[in-house]
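Asker: Generate a structure from the sequence data that follows.
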Amino acid sequence: MTGKIINLRHARKQKQRAEKETKAEENRTKFGRTGAQKNEDNVTKLKAKNHLDGHKLADHKLDGETQDD
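Answerer: Numbers count the residues shown, from 1 in each chain. Purely as a prediction, here's the structure:
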């Protein structure tokens, strides 16, 4: 019996780390988005916000008060 002596605690931890990394990789492919996709969404949201803000007529108070100009 000339096998390599290993510490079972270390072997168990390595196995757990490998399983955790495999699960993380599956989740990244399943739920992850690239930085380019996130950036594109942010640009789209900003353009939509600016478009709507550019079409505002005026800020009106909702409590019924009139504005004195």
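Asker: now the helices for this structure?
Answerer: Ranges of helices within the chain are 8-31, 35-54, based on DSSP state H.
Asker: buried set for the shortest one?
Answerer: Spelled out, it's helix 35-54. Burial within helix 35-54, assessed by neighbour count using 16 or more other CB atoms under 10 Å, is assigned to no residue. Where you see a C-beta, it was placed from the backbone N, CA and C, and this is true even at glycine.
Asker: where does this structure dip in pLDDT?
Answerer: Within the chain, the set of residues satisfying pLDDT under 70 comprises 1-2, 59-69.
Asker: The same query, at a cut-off of 90, please.
Answerer: Across the chain, the ranges flagged by pLDDT under 90 are 1-6, 28-35, 38, 52-69.
Asker: Would you mind measuring from Leu46 to His10?
Answerer: To His10, Leu46 is 50 Å away according to CB to CB, to the nearest Å.
Asker: again with Asn42
Answerer: Relative to His10, and taking CB to CB, Asn42 is found at 44 Å.
Asker: And Gly3, by the same measure?
Answerer: Here the criterion is CB to CB. By it, Gly3 lies 16 Å from His10.
Asker: So those two - more neighbours on which side?
Answerer: When Gly3 is set against His10 and neighbours are counted by other CB atoms under 10 Å, the residue ahead is His10, at 9 against 5.
Asker: What distance do you get for the more buried one to Arg17?
Answerer: Taking CB to CB as the measure, His10 and Arg17 are separated by 10 Å.
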